[in-house]
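Participant: what follows is a protein structure lacking sequence information:
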């Protein structure tokens with residue numbers, strides 16, 4: 001059995017009686033005792049008398065130490081560690097062998113070995129023999145894993161073990177540390193145990209050995225300070241030209257201090273070569289992390305020894321470690337190293353050797369590695385250790401998916417390219433000494449690289465927004481757009497990017513997302529956050545209120561700029577127009593938005609105009625509300641008139657462009673509200689029936705507008721008390737639309753066989769047909785007063801429908817379609833067709849016996865997105881008790897086999 005501390009203590013005079021357990025004092029009282037002992041002695045050479053409470057605390061600590069072994073203290077009584085270390089040093093003077101045995105016994109037991117080694121064994125056997133016995137115990141399973149244990153009473157084991165060795169070294173710095181016996185033996189055992197096969201032995205020994213070096217550094221730094229002080233005193237004495245006993249004493253003290261520092265440094269080297277050089281590549285990643293973390297601490301805290309390439313190379317090598325935790329630890333160690341300006345001159349060769357790997361880690365597969373790697377690159381830039389050419393691959397990460405990586409790259413881009421803090425370290429981080437216009441100009445220079453893709457521009461803005469205050473300088477951005485005293489004239493591309501930046505920045509400021517989020521949950525804000533967002537909205541409104549009509553007027557003809565400018569109206573506090581008596585500016589803005597609606601025909605601008613005017617009709621009050629509603633009504637009437645006029649012009653043989661543009665406008669308007677008209681549906685039906693050679697895009701917009709009118713008519717019917725007139729009118733429109741759809745189901749299939757391009761129209765016909773069948777599903781109306789509206793398609797019609805759908809699925813992505821419109825490509829592609837067909841099955845609109853196997857037979861035949869749609873369909877059908885999935889799969893396999901044979 002291991003000897004206890006009490007068994008080797010020398011007797012003390014006046015020992016107080018052993019206190020009861022209830023008399024034990026707290027850790028705070030122990031701390032008070034320690035503080036009292038550290039006080040300087042009085043001028044007469046006597047220490048001040050201690051209070052009764054402190055004497056009791058000392059007695060309690062002494063009594064507690066009597067019954068506890070060192071391993072018990074480390075495991076369960078961390079507050080007694082400093083007292084135990086002091087007692088060991090005291091006892092070492094009279095019985096060094098016993099103290100050495102206690103310390104080594106604690107080391108063995110910390111490793112978990114259930115040993116039967118006695119003091120005599122340690123004195124007689126070699127280190128290797130003892131360590132071999134310990135390894136044999138592990139091989140037999142006689143080991144307790146204290147290091148990785150989840151037991152609650154061992155949760156502080158690692159921390160206490162480190163504290164013990166640190167306290168022991170510090171207590172020994174005035175004696176046993178340099179006697180060439182105690183710590184020499186301890187080092188031998190620690191290094192030997194760290195090289196044994198049992199993992200827990202290596203873990204504990206590595207922790208102890210690395211902590212010894214860290215503690216040696218603390219002592220060495222203290223001695224270095226003493227050496228400098230002694231050297232200054234010696235130099236002062238020599239200047240007095242006196243060679244008396246003072247100089248001799250100082251020389252002796254200087255020599256001893258230097259010898260002690262040299263001894264400690266040699267001890268550090270031995271542990272490094274005996275332990276670190278083997279364990280930094282240990283199979284256990286936790287040991288590797290521990291080694292690299294410790295090396296980072298050593299280099300920063302004791303650069304005179306460790307700031308050399310022979311040590312730094314290990315930090316560089318572990319940047320390639322297969323474990324993400326080790327790579328991250330190495331990066332964090334390097335960050336602390338590059339953070340000290342005095343270290344930079346010594347890091348030149350290391351940086352030149354490993355900088356390319358540091359840059360590569362910015363795109364590491366593990367986010368916890370990539371983010372600190374980007375921070376490390378920022379430090380290299382700050383010290384001008386990287387060139388701009390080295391950063392090319394990093395800028396691609398601005399549009400990388402993980403938000404944390406994008407955010408870190410955005411911070412780097414802001415510091416290096418916009419605020420240029422990396423190039424001029426004296427500049428403040430927020431760049432307040434430079435104007436917002438300069439920062440915005442630099443940002444526009446970056447956005448030129450992404451001008452062709454507004455989505456990518458949004459990603460870049462989102463990444464940099466938090467750091468760049470100039471992006472919230474609304475007055476500056478507006479002044480630049482209006483060319484008010486510009487530093488440099490904006491190009492057309494810069495103007496477009498600046499408008500996009502204004503809209504994106506304003507959306508961010510009021511709490512909206514400008515890029516898709518990985519977390520689709522709704523964002524919730526507390527009271528203070530909501531107040532900040534409201535204040536931001538007020539600031540934007542104040543800045544734009546008077547100048548908004550000027551911006552709209554200036555950029556009204558510009559398709560690329562007008563849409564995001566119109567969107568800005570959605571972000572304003574409209575009630576402020578009344579509070580600030582700016583009603584005329586509001587009306588001027590609405591008038592200009594209506595003008596934009598009739599001036600442009602692109603989807604984004606039309607949708608923005610309708611969305612803004614409709615929003616004003618809901619949010620405004622009093623006169624402003626009346627004005628917005630009247631404008632919307634006027635817009636509706638004028639649009640209906642334009643469509644009717646355009647239909648007559650086409651029937652008379654004129655160009656179809658005016659009809660197409662006004663049908664697009666009508667489509668966008670009908671997406672948000674019903675359009676009241678007299679005979680417009682009949683006019684669209686007539687031209688569609690009579691002029692079969694019209695452009696396919698015109699036909700598709702005629703069909704979608706007819707469908708929207710049918711849907712709004714159905715929505716307007718009172719289900720409980722429908723009028724005969726409304727039902728008859730809807731039935732008539734329903735019949736007319738089905739007639740046109742069924743005509744195109746047949747004709748378009750034949751056109752595609754002939755090689756004629758009809759992709760857009762075919763997709764529209766498939767989707768509208770499916771929507772109509774779902775809208776008027778017979779079972780939905782069978783027990784209502786609207787049963788006459790119920791509709792069930794015949795099998796031959798469903799077969800024609802699927803035939804046309806199948807043709808769209810089989811069209812290659814590389815096939816060009818001259819009549820394709822990129823604006824509506826998301827509404828008219830194979831995925832939209834497959835979704836429409838799957839919807840028919842899920843809604844039980846048509847029989848699953850035919851359409852179900854047909855859809856499933858196309859599984860994995862048309863790309864990942866279509867496969868995913870069918871997978872979700874199958875999952876939904878499995879949840880339906882009425883679905884015979886086995887029969888569906890069998891029939892799908894049969895049809896696929898028959899089709900492949902043909």
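Facilitator: Looks like it came in fine. These figures come from a predicted structure and were not determined experimentally.
Participant: name the residues of the helix or strand hosting residue 739 that are buried.
Facilitator: In the assignment (DSSP states H and E), residue 739 maps to helix 724-753. Across helix 724-753, burial judged by 16 or more other C-beta atoms under 10 Å covers 727, 730, 733-734, 736-738, 740-742, 744-745, 747-749, 751-752. (Glycine included, C-beta is placed from N, CA and C.)
Participant: can I see the domain layout of this structure?
Facilitator: Domain assignment for the chain by automatic domain parsing gives 545-676, 678-790+811-827.
Participant: which of these comes out lowest on mean pLDDT?
Facilitator: With a mean of 85, domain 678-790+811-827 has the lowest mean pLDDT of the domains of the chain.
Participant: any chance of the domains of the chain in TSV, with distance to residue 358 too?
Facilitator: Shown next, in TSV, are these (distance: least, C-beta to C-beta, whole Å):
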stretch	distance to residue 358
domain 545-676	38
domain 678-790+811-827	39
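Participant: among the ones you listed, which is nearest residue 195?
Facilitator: For residue 195, the closest of these is domain 678-790+811-827, at 60.3 Å, according to C-beta to C-beta.
Participant: what about the closest one, how long is it end to end?
Facilitator: This stretch, domain 678-790+811-827, spans 29 Å end to end (C-alpha to C-alpha, to the nearest Å).
Participant: do stretch 466-481 as well
Facilitator: 22 Å.
Participant: quick check: buried residues in it?
Facilitator: Going by neighbour count (16+ other C-beta under 10 Å), the buried part of stretch 466-481 is 467-468, 470-474, 476-481.
Participant: if I look at residue 317, how far off is residue 353?
Facilitator: Distance, residue 317 to residue 353, by C-beta to C-beta, to the nearest Å: 10 Å.
Participant: run through the stretch 401-550 of the chain and note the low-pLDDT ranges.
Facilitator: 422-434, 485-487, 519-520 (pLDDT under 70).
Participant: at 80 what do you get?
Facilitator: Within the stretch 401-550 of the chain, the stretches falling below the threshold (pLDDT under 80) are 401, 421-434, 484-489, 517-523.
Participant: helices of that one, residue ranges please.
Facilitator: Using DSSP state H, counting those that start in this stretch, the helices of the stretch 401-550 of the chain run over residues 403-413, 436-447, 454-464, 474-481, 492-509, 527-544, 548-555.
Participant: cool, and the stretch 51-200 of the chain?
Facilitator: For the stretch 51-200 of the chain, the helices defined by DSSP H, counting those that start in this stretch occupy 52-66, 70-76, 81-94, 96-110, 119-124, 127-139, 157-171, 182-194, 199-239.
Participant: now the element after the last one, going C-ward?
Facilitator: So that's helix 199-239. Going down the chain from helix 199-239, the next helix or strand is helix 245-271, by DSSP H and E.
Participant: distance from that following helix to the middle of the chain?
Facilitator: Its chain's C-alpha centre and that of helix 245-271 lie 52 Å apart, by C-alpha atoms, centre = their mean, to the nearest Å.
Participant: would you confirm that residue 318 contacts residue 290?
Facilitator: No - using C-beta atoms under 8 Å, residue 318 makes no contact with residue 290, being 11.8 Å away.
Participant: and the pLDDT for the nearest residue to residue 149 once chain neighbours are set aside?
Facilitator: Leaving aside its sequence neighbours, residue 149 sits nearest to residue 157 (C-beta to C-beta, 6 or more residues apart in numbering; 7.2 Å). Per-residue confidence (pLDDT) for residue 157: 92.
Participant: on that earlier part again, out of the helices of the stretch 51-200 of the chain, nearest to residue 665?
Facilitator: Nearest of these to residue 665, taken as C-beta to C-beta: helix 157-171 at 70.9 Å.
Participant: next, the angle helix 245-271 makes with that closest one.
Facilitator: 150 degrees (axes from the mean of the first three to the mean of the last three C-alpha atoms, to 10 degrees).
Participant: show me the contact partners of helix 157-171.
Facilitator: Helix 157-171 is contacted by residues 70, 73-75, 78, 81-82, 84-86, 88-89, 103, 106, 110, 146-147, 149, 177, 183, 204, 207-208, 211-212, 214-216, 218-219 when judged by C-beta atoms under 8 Å, 6 or more residues apart in numbering.
Participant: okay, buried residues for it please.
Facilitator: Within helix 157-171, the residues that count as buried by 16+ other C-beta under 10 Å are 157-158, 160-171.
Participant: out of those residues, who's nearest residue 122?
Facilitator: Proximity of the buried residues of helix 157-171 to residue 122 (C-beta to C-beta) peaks at residue 168, which lies at 17.6 Å.
Participant: quick one: the closest one from residue 111, how far?
Facilitator: With C-beta to C-beta as the criterion, residue 168 and residue 111 are 17 Å apart.
Participant: cool, residue 457 as well?
Facilitator: 59 Å.
Participant: those two: who's more crowded?
Facilitator: Set residue 457 next to residue 111 and count neighbours by other C-beta atoms under 10 Å: residue 111 wins out with 26 against 23.
Participant: which residues are in contact with that one?
Facilitator: Applying C-beta under 8 Å, 6+ apart, we find residue 111 in contact with 134, 143, 146, 193, 198, 200, 201, 204, 205.
Participant: CSV for those residues, including distance to residue 442 and neighbour count?
Facilitator: As requested, those are exported to CSV (distance: C-beta to C-beta, whole Å; neighbours: other C-beta atoms under 10 Å):
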residue, distance to residue 442, neighbour count
134, 64, 24
143, 62, 20
146, 57, 21
193, 58, 26
198, 59, 20
200, 56, 21
201, 57, 26
204, 54, 27
205, 54, 26
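Participant: between those, which is nearest residue 804?
Facilitator: Comparing the contacts of residue 111 against residue 804 with C-beta to C-beta picks out residue 200 as the nearest, at 69.7 Å.
Participant: cool, thanks, signing off.
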